[in-house]
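Participant: the sequence and its predicted three-dimensional model are supplied below.
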Amino acid sequence: MRATLMYQAGDVRIVEVPDSRIEHPTDALVRITASCICGSDLHPYHQMTADKGPARMGHELIGVVEETGSEVTTLAKGDLVVSPFAISDNVCEFCRENLQTSCVHAHAAFWDGLEEGGQAEAVRVPLADGTLVKLPVAPDSALVPSLLTLADVFGTGYHAAKMAGVQPGQKVTVIGDGAVGLMAVLSAQRLGAEQIILMGRHQDRTDLGREFGATDVVADRGEEGIARVRELTGGHGTHAVLEAVGHMPAYEQAIGVVRPGGVISRVGVPQYEEAPVGFRSLFRHNIRLAGGPAPVRAYIEELMPDILDGTIEPGKVFDASTDLDGVPAGYRDMDERRSLKVLVRP
Ligand SMILES: [Zn+2]
């Protein structure tokens, strides 16, 4: 079968690999019908050294179950399923607390790092009963792009808003106009935020952000951006800041725009270990810091109905689509900001 391999920074290829197959009785074999390239795939695309490769790529996928292991009880051949970016049993003590990204099962993992991946023709899904969720549509449904966002970006944006405790009537700042930032806007709107300020510089993206519920857009960054957000909020900043970037300037911006007593909720993977948490940054005004790898498995059933009935269309974040052969170009287009998010139909 064919799959996407990254050999090192900037070097993505489609190659023949051994067919995925059932290895454990809890596995399912899934033929992938829709996948995509993630903003976080751009981190290795910039940084990966040759000794770390080649690595299988892709952690968001929808597909058809082709075969199930002997212990799989909830899925059958022919089911259309979505997989979150984390594999979990969905029954351990952390999974029961809706923290599936901390699942303690020996086979729990993130797709990234496994000898399997979503940007391929097929995939072996470990812990299939816990990980996969059935979709009540056909593989060629027009809802597939929106349903695919449940694998990562929508659940991740929603996690940011949930961890910030966004309440009806609150003011929210979203930092970052990538797919996750835009999903954070949609999520804040869904939770009833009254003012949603999107900080981003790409107008085609912030326009989509307005469609998803942003009331204000701030293109400035750093001190100018902070001043602009304060101006828009009567000088005090916002109750919640949803940080969907992961770089230090975004964290500093978050500190600059959070309201006394507010929450900074991070879902952009931090590219730093040390950051201000002392008197002037967090302590002085009772600022709380929240967030982490989103347990998107916990949100799939909650978010799916609004997609199925057409209330929301998070799939609008996909502005390009390709087959497997177009994946290397898709990485380039996302890296050069020509595409927001690329849908892959293997
Ligand atoms: Zn678990």
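Facilitator: Structure's in. What do you need?

Participant: what about the helices in the stretch 51-200 of the chain?
Facilitator: 93-96, 128-131, 144-148, 153-163, 179-190 (DSSP state H, counting those that start in this stretch).

Participant: do you know which of those helices lies nearest the ion?
Facilitator: For the ion, the closest of these is helix 93-96, at 3.3 Å, according to Cβ to the ion. From N, CA and C alone the C-beta is placed, and that goes for glycine too.

Participant: how about the residues of the stretch 201-346 of the chain that lie near the ion?
Facilitator: Within reach of the ion by Cβ under 5 Å from the ion, the stretch 201-346 of the chain has no residues at all.

Participant: for the ion, what's the nearest residue on the stretch 201-346 of the chain?
Facilitator: residue 297 (9.3 Å).

Participant: can I get the helices of the stretch 51-200 of the chain in TSV including mean pLDDT, mean neighbour count and distance to residue 79?
Facilitator: TSV is the format used below for these (pLDDT from 0 to 100; neighbours: other Cβ atoms under 10 Å; distance: least, Cβ to Cβ, whole Å):
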stretch	mean pLDDT	mean neighbour count	distance to residue 79
helix 93-96	97	15	21
helix 128-131	98	24	10
helix 144-148	98	24	14
helix 153-163	98	29	20
helix 179-190	98	30	26
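
Participant: next up, the contacts around residue 44.
Facilitator: Counting by Cβ atoms under 8 Å, 6 or more residues apart in numbering, residue 44 touches 6, 9, 52, 55.

Participant: ok, those vs residue 316, which is closest?
Facilitator: For the contacts of residue 44, the minimum distance to residue 316 (Cβ to Cβ) is 27.3 Å, reached by residue 6.

Participant: and residue 34, which of the three is it?
Facilitator: For residue 34, the assignment made with DSSP: H, G, I helix; E, B strand; the rest coil gives strand.

Participant: and residue 327, what does it touch?
Facilitator: 4, 12, 14, 37, 119, 342, 344.

Participant: show me which of those is closest to the ion.
Facilitator: residue 119 (25.5 Å).

Participant: the residue of the stretch 201-346 of the chain closest to the ion is in contact with residue 85, isn't it?
Facilitator: No. The pair residue 297 and residue 85 fails to qualify as a contact (Cβ atoms under 8 Å) at a distance of 9.2 Å.

Participant: who's more crowded, these two?
Facilitator: Remark: of residue 297 and residue 85, residue 297 carries more neighbours, 28 against 24, as counted by other Cβ atoms under 10 Å.

Participant: that's a strand at that one, yeah?
Facilitator: No. Using three-state DSSP, the assignment for residue 297 is helix, not a strand.

Participant: against residue 181, how distant is it?
Facilitator: Counting by Cβ to Cβ, to the nearest Å, the separation of residue 297 from residue 181 is 22 Å.

Participant: do the same with residue 329
Facilitator: Counting by Cβ to Cβ, the gap from residue 329 to residue 181 is 24 Å.

Participant: with residue 203 instead?
Facilitator: 14 Å.

Participant: for the residue of the stretch 201-346 of the chain closest to the ion, what are its contacts?
Facilitator: Neighbours of residue 297 in contact, by Cβ under 8 Å, 6+ apart: 84, 86, 88, 90, 95, 100, 130-131, 133, 155.

Participant: related to what we said a few turns ago, okay, the helices of the stretch 51-200 of the chain in a markdown table with distance to the ion next?
Facilitator: As requested, the helices of the stretch 51-200 of the chain are exported to a markdown table (distance: least, Cβ to the ion, whole Å):
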| stretch | distance to the ion |
| --- | --- |
| helix 93-96 | 3 |
| helix 128-131 | 7 |
| helix 144-148 | 23 |
| helix 153-163 | 16 |
| helix 179-190 | 24 |
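
Participant: any idea which helix or strand carries the residue lying closest to residue 64 once chain neighbours are set aside?
Facilitator: Nearest non-adjacent residue to residue 64, counting by Cβ to Cβ, 6 or more residues apart in numbering: residue 31, 5.0 Å away. Secondary structure assignment for residue 31, by DSSP states H and E: strand 28-36.

Participant: just the C-alpha atoms of the helix or strand that that strand is followed by, please, in CSV.
Facilitator: Sequence-wise, the next helix or strand downstream of strand 28-36 (DSSP H and E) is helix 42-47. Extracted C-alpha coordinates of helix 42-47, given in CSV (Å, rounded to 0.1, in the frame of the first residue of the first chain):
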residue,chain,number,x,y,z
LEU,A,42,4.7,21.6,10.0
HIS,A,43,6.8,21.4,13.1
PRO,A,44,8.7,18.3,11.9
TYR,A,45,8.5,19.7,8.4
HIS,A,46,10.7,22.5,9.7
GLN,A,47,12.8,20.7,12.3
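
Participant: what is the mean pLDDT for helix 42-47?
Facilitator: Averaging pLDDT along helix 42-47 gives 93.

Participant: so where is the protein shaky, pLDDT-wise?
Facilitator: Counting by pLDDT under 70, the chain contains no low-confidence range.

Participant: how's it carved up into domains?
Facilitator: Per automatic domain parsing, the structural domains of the chain span 2-152+296-344, 154-291.

Participant: who touches stretch 153-162?
Facilitator: Stretch 153-162 is contacted by residues 38-39, 60, 84, 149, 172, 179-188, 190-191, 193, 240, 242-244, 265-267, 291, 294-300, 303, 314, 317, 341 when judged by Cβ under 8 Å, 6+ apart.
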